[in-house]
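J.: Dropping a prediction and its sequence here:
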Amino acid sequence: MSMTRSLVIDNLHVAYGKADVLCGVSLEIAPSRITCLLGANGAGKSTLIRALLGLTPAHEGSIVFEGQDILGLPPHKIVGLGISCIPEGRRIFPRMSVEENLLMGAYKEKDHKKIQERLARIYDMYPRLLDRREQLAGTMSGGEQAMVSIGRGLMNNPSLLVIDEPSLGLSPALVNDNFRVIRRICEQGTAVFLVEQNVRQTLAIAHFGYVLAQGRVVASGSAEDLRNSAEVQKAYFG
Ligand SMILES: Nc1ncnc2c1ncn2[C@@H]1O[C@H](COP(=O)(O)OP(=O)(O)O)[C@@H](O)[C@H]1O
Ligand SMILES: [Mg+2]
């Protein structure tokens, strides 16, 4: 089945109690491309991810992944369909080794050979993690923990990787390294949904993007369009 779209969100409404947080968000994620979601703190980015993963209920709208309606499915089913998420703050297991952390990402896979192939792919992408495979993840630097969290997400062999603010707390140089790998993951055929506040560096690697403000999409287009958009210029570049 050929897919022109990996994921389609249509008219999504989410509220916490009486507070509307997402007010009719529609967006599309293309296969084998990086689609970014930009927006200031509090715009509703993480809420959108939580709804997409089935962690927060939506009261209106639809979310279709590879042709299947996933809204209302429990999170483990959604992950099982091939969506991996690297949450805000990374959430590695600090008292487990790097390799144990990675293996947690493949907990559903029973085929030992496949697990070893996926590990090899991640160590190829991040040689640093191979050197540190026995080290307790909690004792690693922020940049290394970011590698562990992305590696763990890839161990599920997702067709869509969702990453919530990977650059948070990293130096610009580490963000660059991290983003280079994200670009490579996409070139190897995984759709990436990159949620970020870091506009400049994100638009440098993304193909398409959306800008969220107060629960609404206020701009969208190619990364090139967004770099030149008055809306984005006004909101972010001053
Ligand atoms: N569990 C929650 N209960 C109530 N309000 C929340 C909850 N999580 C987030 N919010 C509110 O929803 C809005 C959007 O938050 P969030 O989705 O985390 O934004 P972002 O990820 O863009 O910073 C904010 O106003 C935030 O305070
Ligand atoms: Mg957030």
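T.: Sure, I can see it. Ligands and ions are numbered 1, 2, ... in the order given.

J.: Please count neighbours and contacts with C-alpha atoms only from this point.
T.: OK.

J.: Please identify the buried residues of the top helix by length along the chain?
T.: Longest helix in the chain, counting residues (DSSP state H): helix 172-187. Residues of helix 172-187 classed as buried: 174-176, 178-179, 181-183, 185-186 (neighbour count, 16 or more other CA atoms under 10 Å).

J.: Ok, stretch 120-134 next?
T.: Under the neighbour-count criterion of 16+ other CA under 10 Å, stretch 120-134 has 122-123, 125-126, 129-130, 133 buried.

J.: what's the most distant pair in those residues?
T.: Pairwise distances across these (CA to CA) peak at 13.6 Å, for the pair Met125 and Arg133.

J.: For Leu55, give me its contacts.
T.: Leu55 is in contact with 74-75, counting by CA atoms under 8 Å, 6 or more residues apart in numbering.

J.: Each with direction, which strands does whichever strand or helix holds Ile9 pair with?
T.: Here Ile9, judged by DSSP states H and E, is contained in strand 7-16. Counting by DSSP bridges, the strands paired with strand 7-16 are strand 19-29 (antiparallel), strand 60-65 (antiparallel).

J.: Including mean neighbour count and distance to ligand 1, could the ones you listed go into TSV?
T.: Compiled in TSV, the strands paired with strand 7-16 are given as follows (neighbours: other CA atoms under 10 Å; distance: least, CA to the nearest ligand atom, whole Å):
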stretch	mean neighbour count	distance to ligand 1
strand 19-29	18	5
strand 60-65	18	17
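
J.: Columns mean pLDDT and distance to Met147 on top of those strands, output as CSV?
T.: Output for those, formatted as CSV (pLDDT from 0 to 100; distance: least, CA to CA, whole Å):
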stretch, mean pLDDT, distance to Met147
strand 19-29, 97, 23
strand 60-65, 97, 26
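
J.: quick one, which of the ones you listed is nearest to Ala191?
T.: When the strands paired with strand 7-16 are compared by CA to CA, strand 19-29 sits nearest Ala191, at 7.4 Å.

J.: And for the closest one, what's in contact with it?
T.: 5-15, 35, 43-44, 47-48, 61, 191-193, 210, 214-217.

J.: now those residues: which count as buried?
T.: By neighbour count, with 16+ other CA under 10 Å, the contacts of strand 19-29 hold 5-10, 12-15, 35, 43-44, 47-48, 61, 191-193, 210, 214-217 as buried.

J.: got the contact list for the longest helix of the chain?
T.: Contacts for helix 172-187 (CA under 8 Å, 6+ apart): 32-34, 125, 143, 146-147, 166-167, 192, 201-202, 205.

J.: In strands, which of those appear?
T.: Secondary structure from DSSP state E places 34, 192 of the contacts of helix 172-187 in strands.
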